[in-house]
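Asks: Return atomic coordinates for the entry below.
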Amino acid sequence: MTTRTSFSVSRYAPDRGPVARLTARDSVLRRLDWPMLLSALTLSLLGALLVWSATRGRTELNQGDPYYFLFRHLLNTGIGLVLMIGTIWLGHRTLRGAVPVLYGLSVVLILAVLTPLGATINGAHAWIVVGGGFSLQPSEFVKITIILIMAMLLAAKVDAGDQLHPDHRTVAKALVLAALPMGIVMLMPDLGSVMVMAVIVLGVLLASGASNRWVLGLIGAGVGGAVLVTALGMLDEYQLNRFAAFANPELDPAGVGYNTNQARIAIGSGGLYGAGLFKGHQTTGQFVPEQQTDFIFTVAGEELGFVGAGFILVLLGVVLWRACRIARETTELYGTVVAAGIIAWFAFQSFENIGMTLGIMPVAGLPLPFVSYGGSSMFAVWVAIGLLQSIRVQRPMTA
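Replies: Here you go, the predicted model:
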């Protein structure tokens, strides 16, 4: 039996002993956060049904195979689970040493998008098409590397017991490293991903214990940057139109406001229990664009109703709740900051995705975590789950 670790500097003092002595009674499987894992898996499997419903009649997309997107979504989920297992096996502490390399690779990948290797999909030049119908969106993995590189820097001296909080110089370095890939993604332009990354950075700073002046300064810089980007004309016309449609839904209901209006009609028609899977008129009539990706929540609202859509919210809530618990219980700042960054990512992206289908947020082209169709996003969120599980598995055992 081990005893509770005593910390002379802070609760994030270094763990000098083995990472975690896992015995037969305290195995990796027993230490996993099963409510989080089962909730995330249920979301992915439910997403497979919703994607299938949205695409089985879309012959222009499914190449004449009604099961095309269903099988690919399940394959993406399977690959995501393998990546999660690999992440748990390696451990977040082992990955900590490889963070600079992973960060460099992610920057190279997003730079490759700006070369002839890049491709434009749905208005955003944010993809690399490899061939055979396979495409990669590097910005999804940049979200992870921003979390890891900032956590590594901000927690280094605190976990070593040298400081109570990260100093100003360390915070400045972390922000510079986060700003580099964000600036490249903005050039694509992929405004939705930049918004998520900005929220991630804010969440990481808050969790690290950095001075409130940095947090307030970051918020001010974000507002100023948004004004500057708009003034310099860095946003494409379709992005400006999305914000205009959000501000005034009746501005052009057959044009820029079409997606949001059709999404609200689909969700509103579902009522309490929905029309039934594969029976939604908006879905079968193909009135909602990009319904298998950005607007997947409209399928749930129309065909599963308030109950089914609410169930998705509950499952997302369980994932976030368990992630918050992991962040709170870990005994190292590095683990806390990594978990906080993932929480900020999942929470904001879920709110933005669902909010834009309800008309309370502007359309930003963000998938719903675990539910929407898309390989890159599915791989990234399952790697994030692997990091959270690793933080839980490798925490020091207590009496």
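Asks: Can I get stretch 325-332 in PDB, CA atoms only?
Replies: Taking C-alpha atoms only, stretch 325-332 is exported to PDB below (Å, rounded to 0.1, in the frame of the first residue of the first chain):
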ATOM      1  CA  ARG A 325     -13.000  15.300 -12.700                       C
ATOM      2  CA  ILE A 326      -9.800  14.100 -14.200                       C
ATOM      3  CA  ALA A 327      -8.400  17.600 -14.400                       C
ATOM      4  CA  ARG A 328      -9.300  18.200 -10.700                       C
ATOM      5  CA  GLU A 329      -7.900  14.900  -9.400                       C
ATOM      6  CA  THR A 330      -4.500  14.800 -11.200                       C
ATOM      7  CA  THR A 331      -1.500  15.700  -9.100                       C
ATOM      8  CA  GLU A 332       0.600  17.400 -11.800                       C
END
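Asks: What's the mean pLDDT across that stretch?
Replies: Stretch 325-332 shows a mean pLDDT of 91.
Asks: Pull the distance from that stretch to the chain's centre.
Replies: Centre-to-centre, stretch 325-332 and its host chain are 20 Å apart (CA atoms, centre = their mean, to the nearest Å).
Asks: got it, and stretch 330-348?
Replies: Distance, centroid of stretch 330-348 to centroid of chain: 12 Å (CA atoms, centre = their mean).
Asks: Stretch 55-64 now?
Replies: Distance, centroid of stretch 55-64 to centroid of chain: 27 Å (CA atoms, centre = their mean).
Asks: ends of that stretch, how far apart?
Replies: 10 Å (CA to CA, to the nearest Å).
Asks: Return the set of buried residues in that stretch.
Replies: 55, 56, 62 (16 or more other CB atoms under 10 Å). Just so you know, the C-beta spots here come from the backbone N, C-alpha and C atoms, and that holds for glycine as well.
Asks: Can you tell me which of those residues is closest to residue 195?
Replies: residue 55 (26.9 Å; CB to CB).
Asks: so what pLDDT did that closest one get?
Replies: 92.
Asks: how far away is the residue lying closest to it once chain neighbours are set aside from residue 53?
Replies: Closest residue to residue 55 apart from its sequence neighbours, by CB to CB, 6 or more residues apart in numbering: residue 69 at 4.1 Å. From residue 69 over to residue 53 the distance is 10 Å, taken as CB to CB, to the nearest Å.
Asks: before we move on, what about residue 151?
Replies: 39 Å.
Asks: Quick check: longest strand in this protein by residues?
Replies: Ordering each strand of the chain by length in residues (DSSP state E) puts strand 124-131 first.
Asks: and for the helix or strand that it is followed by, what are the contacting residues?
Replies: Later in the chain than strand 124-131, the nearest helix or strand by DSSP states H and E is strand 134-136. Contacts to strand 134-136, defined as CB atoms under 8 Å, 6 or more residues apart in numbering, come from residues 109, 119, 121, 127, 128, 129, 130, 375, 376.
Asks: now do stretch 211-220
Replies: 165, 168, 171, 175, 201, 202, 205, 206.
Asks: Report how many residues lie close to the closest residue to the first one other than its chain neighbours.
Replies: Right, the one you point to is residue 165. In space, and not counting its chain neighbours, residue 165 is closest to residue 209: 4.1 Å by CB to CB, 6+ apart. Counted with other CB atoms under 10 Å, the neighbours of residue 209 add up to 18.
Asks: State the distance from residue 209 to residue 329.
Replies: Taking CB to CB, one finds residue 209 at 17 Å from residue 329.
Asks: now swap in residue 78 and tell me
Replies: If you go by CB to CB, the gap between residue 78 and residue 329 works out to 30 Å.
Asks: same question, residue 183
Replies: 35 Å.
Asks: ok, the two, which is more surrounded?
Replies: residue 329 (14 against 11).
Asks: Double-check the more buried one against residue 395; I have them as touching.
Replies: Yes - judged on CB atoms under 8 Å, residue 329 makes contact with residue 395 at a distance of 6.6 Å.
Asks: Report the secondary structure state of residue 273.
Replies: Assigned with DSSP: H, G, I helix; E, B strand; the rest coil, residue 273 falls in the coil class.
Asks: repeat for the one 3 residues further on
Replies: Secondary structure, three-state DSSP: residue 276 is coil.
Asks: Give the burial count for the nearest residue to it once chain neighbours are set aside, as a bare number.
Replies: Nearest residue to residue 276, sequence neighbours excluded (CB to CB, 6+ apart): residue 303, at 6.1 Å. Using other CB under 10 Å, residue 303 is surrounded by 28 other residues.
Asks: my guess is residue 303 is in a helix, correct?
Replies: Yes - counting by three-state DSSP, residue 303 is found in a helix.
Asks: which residues touch it?
Replies: Contacts of residue 303 (CB under 8 Å, 6+ apart): 50, 53, 270, 274, 275, 276, 277, 278, 279, 280, 283.
Asks: my read: the second one touches residue 280, true?
Replies: Which is residue 53. Yes - checked against CB under 8 Å, the pair residue 53 and residue 280 is within contact range at 7.3 Å.
Asks: Find residues that contact each of those two.
Replies: Counting by CB under 8 Å, 6+ apart, the common neighbours of residue 53 and residue 280 are 299, 303.
Asks: For the stretch 251-399 of the chain, which segments count as helices?
Replies: 258-269, 281-284, 296-299, 305-329, 333-358, 375-393 (DSSP state H, counting those that start in this stretch).
Asks: Of all the residues in the last one, which ones are buried?
Replies: The reference is to helix 375-393. Neighbour counts over helix 375-393 (16+ other CB under 10 Å) mark 375-393 as buried.
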